[in-house]
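*Asks:* Quick one, structure for this:
(one chain, ligands or ions: 1)
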Amino acid sequence: MICMKTVLKNCKFIVTQNKKREILTNHDILISGNKIEKIGGNLKGDQIIDCSQNIVMPGLINLHTHVGMHLLRGYADDMKLDTWLKKLWPEEDKLTADQIYVAATMGINEMLRTGTTCFNDMYFEENRIADAVKELGIRAVLSRGLGVEDLADKKRIAKKFIKAENLIKYIKNMKCSRITPAVGPHAIYTCSKDMLLKGCKLAKKYKVINHVHIAETRKELADSLKNTGKRPVEYLDSIGFLDKNVIAAHCGWVTKGEIRTLAKRGVKVAHCPSSNMKLATGGIMPLKEMQEAGVLVGLGTDSVVSNNSLDMFSEMKICALVQKQNYWNPTVAPAQTVLDMATINGAKALGLNAGSIEPGKLADIVLLDANHYLLQPLKKDRIISHLVYSANGSCVQKVFVDGKQVI
Ligand SMILES: [Zn+2]
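*Replies:* Numbering: from 1, shown residues only. Below is the predicted model of the structure:
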């Protein structure tokens with residue numbers, strides 16, 4: 001097969017996110033197949049795309065979402081998480097596989113248009129979400145949610161595990177390199193110890209990511225202390241759940257001791273600031289302590305029912321603001337750190353060869369309109385600031401995933 005070569009010609013600025021965090025001016029990027037082959041001048045290819053009016057950056061990575069919930073956007077606002085879940089669960093039960101497919105196409109469309117090229121998802125009927133991912137050209141890590149409302153409902157639990165394993169097989173059979181299966185034990189309050197450990201075992205069996213919610217609310221913490229005598233991270237560690245394959249969403253209610261445990265076990269954290277603030281979970285993921293302990297932290301939107309947007313540019317700004325406010329310190333979460341969370345950290349957490357624009361990396365690339373009013377005045381030393389504090393998804397003009405132009 002002949003490999004298609006595309007040149008992104010004369011890029012006004014390239015935000016590389018390489019080790020030196022270089023921003024290049026007037027360079028070409030040669031895309032060969034699904035990878036970036038070369039960055040330089042006068043590069044030749046089969047297809048030439050003029051990028052002289054573009055800021056070129058790595059695609060954003062949404063480390064925690066539930067894209068199948070898209071049809072429920074605006075349905076449950078302004079309420080506590082437990083009330084919210086009780087309102088949503090009956091509606092989610094009614095969703096058909098086809099409706100979840102439609103929801104996924106809507107969510108993926110929103111993500112691609114706002115510069116997200118990869119997302120880490122947990123929901124049900126994920127095989128239909130996988131179909132949508134394949135068709136629309138985005139990259140995704142998909143897990144079947146394993147939580148239940150009634151832990152005594154053994155039949156339902158057994159069915160969920162069969163579906164979780166079937167999803168892994170279904171995705172493997174698709175042979176689409178953009179789609180990776182995972183396992184999704186929902187949380188300690190919707191999964192028994194047995195379910196958590198079975199989820200863990202399943203993830204190990206197929207060597208996939210174990211995607212879970214941890215320490216999201218004060219209620220989760222209080223219930224955990226009441227039921228197990230331990231805090232959520234302590235409890236999960238005591239049963240042997242935590243390892244380097246775990247991606248933990250939220251982690252808003254964790255102590256320094258728990259953070260050390262997360263670091264020791266190699267757990268990755270998906271910070272979801274908008275969702276946490278909308279649900280007023282109170283606890284804010286302690287970014288400074290996580291960084292000091294060496295925990296890898298990425299950024300996620302959570303679903304459109306608790307956000308209500310999938311725009312990762314907005315999420316970056318909200319992340320920076322909430323972290324500064326939390327520490328009474330404007331030097332916390334500088335723009336470069338937040339951009340790292342939304343790009344290179346997300347890629348590392350998912351084990352993807354992406355998140356930066358460098359030779360050999362996957363060609364997941366976003367082109368912003370350099371003339372967009374939100375990006376003015378456009379100066380090289382202000383670009384990172386613009387991306388985090390003033391841009392939004394409307395600045396996105398073209399998107400490449402796996403070397404193919406999808407927007
Ligand atoms: Zn979630």
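*Asks:* Send me the lowest-mean-pLDDT helix or strand in the chain as PDB with only the CA atoms.
*Replies:* When the helices and strands of the chain are scored by mean pLDDT, DSSP states H and E, helix 81-94 comes last with a mean of 89. The C-alpha coordinates for helix 81-94 follow below in PDB (Å, rounded to 0.1, in the frame of the first residue of the first chain):
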ATOM      1  CA  LEU A  81     -24.500  14.200  43.000                       C
ATOM      2  CA  ASP A  82     -26.600  11.600  44.700                       C
ATOM      3  CA  THR A  83     -29.900  13.400  43.700                       C
ATOM      4  CA  TRP A  84     -28.400  13.800  40.200                       C
ATOM      5  CA  LEU A  85     -27.600  10.100  39.900                       C
ATOM      6  CA  LYS A  86     -31.100   9.100  41.100                       C
ATOM      7  CA  LYS A  87     -32.700  11.400  38.500                       C
ATOM      8  CA  LEU A  88     -30.400  10.100  35.800                       C
ATOM      9  CA  TRP A  89     -30.400   6.400  36.300                       C
ATOM     10  CA  PRO A  90     -34.000   5.700  35.300                       C
ATOM     11  CA  GLU A  91     -33.500   7.800  32.200                       C
ATOM     12  CA  GLU A  92     -30.300   6.000  31.300                       C
ATOM     13  CA  ASP A  93     -32.000   2.700  31.800                       C
ATOM     14  CA  LYS A  94     -34.500   3.700  29.000                       C
END
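*Asks:* Go through that helix and flag the buried ones.
*Replies:* 81, 84, 85, 88, 92 (16 or more other CB atoms under 10 Å). (Glycine included, C-beta is placed from N, CA and C.)
*Asks:* and the direction of the next helix or strand after that helix versus that of helix 81-94, what angle?
*Replies:* Tracing the chain C-terminally past helix 81-94 and defining elements by DSSP states H and E, one meets helix 97-113 next. Angle of helix 97-113 versus helix 81-94, following axes from the mean of the first three to the mean of the last three CA atoms, to 10 degrees, is 120 degrees.
*Asks:* got a list of contacts for helix 97-113?
*Replies:* 62, 65, 67-71, 95, 119, 123-125, 127-129, 131-133, 135-138, 304, 309-312, 393, 396, 399, 401, 406-407 (CB atoms under 8 Å, 6 or more residues apart in numbering).
*Asks:* Take those residues and keep only those in helices.
*Replies:* Judged by DSSP state H, the subset of the contacts of helix 97-113 located in helices is 127, 128, 129, 131, 132, 133, 135, 136, 312.
*Asks:* What is the nearest of the residues you listed to residue 331?
*Replies:* residue 312 (23.0 Å; CB to CB).
*Asks:* Show me the beta-bridge partners of the closest residue to the closest one other than its chain neighbours.
*Replies:* Closest residue to residue 312 apart from its sequence neighbours, by CB to CB, 6 or more residues apart in numbering: residue 60 at 4.0 Å. Beta-bridge pairing of residue 60 under DSSP bridges involves residue 116.
*Asks:* so who does residue 60 touch?
*Replies:* Neighbour list for residue 60: 114, 115, 116, 117, 312, 313, 342, 343, 346, 366 [criterion: CB under 8 Å, 6+ apart].
*Asks:* Looking at those residues, which is nearest residue 329?
*Replies:* Nearest to residue 329 out of these is residue 342 (CB to CB; 20.9 Å).
*Asks:* quick one: low-confidence parts of this structure?
*Replies:* 1-2 (pLDDT under 70).
*Asks:* and which of the ones in helices among the contacts of helix 97-113 is nearest residue 176?
*Replies:* Of all the ones in helices among the contacts of helix 97-113, residue 133 has the smallest distance to residue 176: 7.8 Å, by CB to CB.
*Asks:* Just say helix, strand or coil for the closest residue in space to the closest one that isn't next to it in sequence.
*Replies:* Using CB to CB, 6+ apart and skipping the chain neighbours, the partner closest in space to residue 133 is residue 140 (4.5 Å). Following DSSP: H, G, I helix; E, B strand; the rest coil, residue 140 is assigned to strand.
*Asks:* Could you check how far the closest residue to residue 372 other than its chain neighbours is from residue 256?
*Replies:* Closest residue to residue 372 apart from its sequence neighbours, by CB to CB, 6+ apart: residue 395 at 4.5 Å. With distances taken as CB to CB, to the nearest Å, residue 395 is found 38 Å from residue 256.
*Asks:* In contact with residue 234, which residues?
*Replies:* The contact partners of residue 234, taken as CB under 8 Å, 6+ apart, are 257, 258, 261.
*Asks:* which residues sit in contact with residue 372?
*Replies:* 391, 394, 395.
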